[in-house]
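Visitor: got a predicted structure here, sequence first:
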Amino acid sequence: MSSPAESGPPARVAVVGGGPAGLFAAEQLCAAGLSVDLYEAKGSPGRKFLIAGKGGLNLTHSDLRPLFDSRYREQTAAVAGWLDAFDADALRRWAAGLGVETYVGSSGRVFPVDRKAAPLLRGWVRRLKEQGVRFHVQHRWQGWDADGALRFTSENGEQRVHADATLLALGGGSWPQLGSDGAWVPLLQARGAAIAPLQPANCGFDVPWTPWFVQRHAGTPLKSVVAHWTDLHGAPRHQQGECVVSEYGIEGSLVYALSADLRETINRDGSATLWLDLVPGREQDRLAADLARPRKGRSFGEHLRRQTGVDAVKASLLFEVLGKDAGQDIAAVAATLKRLPIPLQRPRPMAEAISTAGGVTLPSLDAGLMLKAVPGVFCAGEMLDWEAPTGGYLLTACYASAKRAADGVIHWLATR
């Protein structure tokens, strides 16, 4: 098949969105000989990418496939297809091509050696410009006009752009201050695209703590706990990790990893319960025996600390559940330390979430991620209806979907 650039001037493609998916799609399209304009609503591309990498840029994960694929839950099969063309190893090789070497951390997560996002992003944007990608910042997409031109608001007023194909990489609805505000949803719905409602993912949850507990422990980590929960199929699950007590409830890496099941349980039942084992490795009978020892004049709180090793926040959690007279029922204390209920009321607002679920439904797209309702318009990245836990899976799927969509653009332009 001939390249779309072999006869006449190259086709013009508008990429809307300057996050990782948009940038990577632009790179693929430019390499295919197409004329590429990238439009970004903010003053510079990759803002969420930079913030996400502030504590160490987690590019991808070392999980082997198909375990890696399974992280995408209901969309495992679809995302696996994208990963067949661009997986975690390909992402590491791509980074190396920018002079960014990576390593596998103790958790299996993959980071740049310097752990920084800014050098990678600077080198990437510089290379894209050298390759011919034209950047248009402070251009916010507003849909289409009556003639099918893309509409943008900019510092110079409204701009209209005609393109041979459009690739949208507009993000989800989290961190709106960085550009992912979900404003594209009604624009695509008006053109007949099917959109699953955006919801918070990798998020914290509201818990009805007492004011006493919040005043003393908001911001305190809960270390070395095992979370127990029931998944949407009714199967008991558990996972060890760390989380954080917050003013509004509970958050942190362990909670984020479970957030999809917890959110969907709340959607279905109105609430959910997360059970925490505060003393992993200690059997309930042994705890009860240790706590039954004489206190020798010590308060129950001090006795609890000495006999179980729990810290102040874990002890306070116990009192939150059992009340101030908890020490009168040693069997209940031991049982609660091993399975302490945390009542979850609702997920935190989408604007606070690390990522979002929902978006353009995959059945509304063809194999090349083109909208069936809007020929010539392709979608990639977090605006598609998939989700994954943190750990590098989010970013990897953004890259992989961008390659799939860019390949779709190239094929469509060559065959129309």
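Guide: Noted; the coordinates are in hand. Remember, predicted model here, so these are calculated numbers, not experimental data. Numbering: from 1, shown residues only.

Visitor: helix, strand, or coil at residue 129?
Guide: helix (DSSP: H, G, I helix; E, B strand; the rest coil).

Visitor: quick check: it touching residue 45?
Guide: No: applying CB atoms under 8 Å as the test, residue 129 and residue 45 come out as separate, 10.8 Å apart. The way it works is simple: take the backbone N, C-alpha and C, and place the C-beta from them, glycine included.

Visitor: higher neighbour count, the two?
Guide: residue 45 (26 against 12; other CB atoms under 10 Å).

Visitor: from residue 36, how far out is the closest residue in space to the more buried one that isn't next to it in sequence?
Guide: Distance criterion CB to CB, 6 or more residues apart in numbering; nearest residue to residue 45, sequence neighbours excluded, is residue 18 at 3.0 Å. Remark: distance between residue 18 and residue 36 (CB to CB, to the nearest Å) = 12 Å.

Visitor: swap in residue 204?
Guide: From residue 204 across to residue 36, the span is 38 Å (CB to CB).

Visitor: likewise for residue 151?
Guide: Counting by CB to CB, the gap from residue 151 to residue 36 is 19 Å.

Visitor: before we move on, back to that, joint contacts of residue 129 and residue 45?
Guide: Common contacts of residue 129 and residue 45, defined by CB atoms under 8 Å, 6 or more residues apart in numbering, comprise residue 135.

Visitor: show me which residues of stretch 259-270 are buried.
Guide: For stretch 259-270, the neighbour count (16 or more other CB atoms under 10 Å) marks 259-266 as buried.

Visitor: output the longest helix seen in the chain as PDB, restricted to C-alpha atoms.
Guide: Across the chain, the helix with the greatest residue count (assigned by DSSP state H) is helix 393-415. C-alpha atoms of helix 393-415 as PDB (Å, rounded to 0.1, in the frame of the first residue of the first chain):
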ATOM      1  CA  TYR A 393      -0.500   0.900  33.500                       C
ATOM      2  CA  LEU A 394      -2.300   4.200  32.800                       C
ATOM      3  CA  LEU A 395       0.500   5.700  30.900                       C
ATOM      4  CA  THR A 396       1.300   2.600  28.900                       C
ATOM      5  CA  ALA A 397      -2.200   2.300  27.700                       C
ATOM      6  CA  CYS A 398      -2.300   6.000  26.700                       C
ATOM      7  CA  TYR A 399       0.800   5.400  24.500                       C
ATOM      8  CA  ALA A 400      -0.500   2.100  23.100                       C
ATOM      9  CA  SER A 401      -4.000   3.600  22.200                       C
ATOM     10  CA  ALA A 402      -2.200   6.500  20.600                       C
ATOM     11  CA  LYS A 403      -0.300   4.200  18.300                       C
ATOM     12  CA  ARG A 404      -3.500   2.300  17.500                       C
ATOM     13  CA  ALA A 405      -5.300   5.600  16.600                       C
ATOM     14  CA  ALA A 406      -2.400   7.000  14.600                       C
ATOM     15  CA  ASP A 407      -2.200   3.800  12.700                       C
ATOM     16  CA  GLY A 408      -5.900   4.000  12.100                       C
ATOM     17  CA  VAL A 409      -5.500   7.600  10.700                       C
ATOM     18  CA  ILE A 410      -2.700   6.500   8.400                       C
ATOM     19  CA  HIS A 411      -4.700   3.500   7.100                       C
ATOM     20  CA  TRP A 412      -7.900   5.600   6.700                       C
ATOM     21  CA  LEU A 413      -6.200   8.400   4.700                       C
ATOM     22  CA  ALA A 414      -4.400   5.900   2.500                       C
ATOM     23  CA  THR A 415      -7.600   4.000   1.600                       C
END
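
Visitor: now it: average pLDDT?
Guide: Averaging pLDDT along helix 393-415 gives 98.

Visitor: check which residues of that helix are buried.
Guide: Buried-residue list, helix 393-415, by 16+ other CB under 10 Å: 393-413.

Visitor: what does stretch 46-56 give?
Guide: Neighbour counts over stretch 46-56 (16+ other CB under 10 Å) mark 46-50, 52-53 as buried.

Visitor: and residue 256, what does it touch?
Guide: So residue 256 contacts 202-204, 354, 389-390 (CB under 8 Å, 6+ apart).

Visitor: go again with 10 Å.
Guide: For residue 256, the contact set (CB atoms under 10 Å, 6 or more residues apart in numbering) comprises 201-204, 241, 243, 262, 353-355, 389-391.

Visitor: helix/strand/coil for it?
Guide: From three-state DSSP, the assignment for residue 256 is helix.

Visitor: got the end-to-end distance for stretch 363-377?
Guide: End-to-end distance of stretch 363-377: 15 Å, with CA to CA, to the nearest Å as the criterion.
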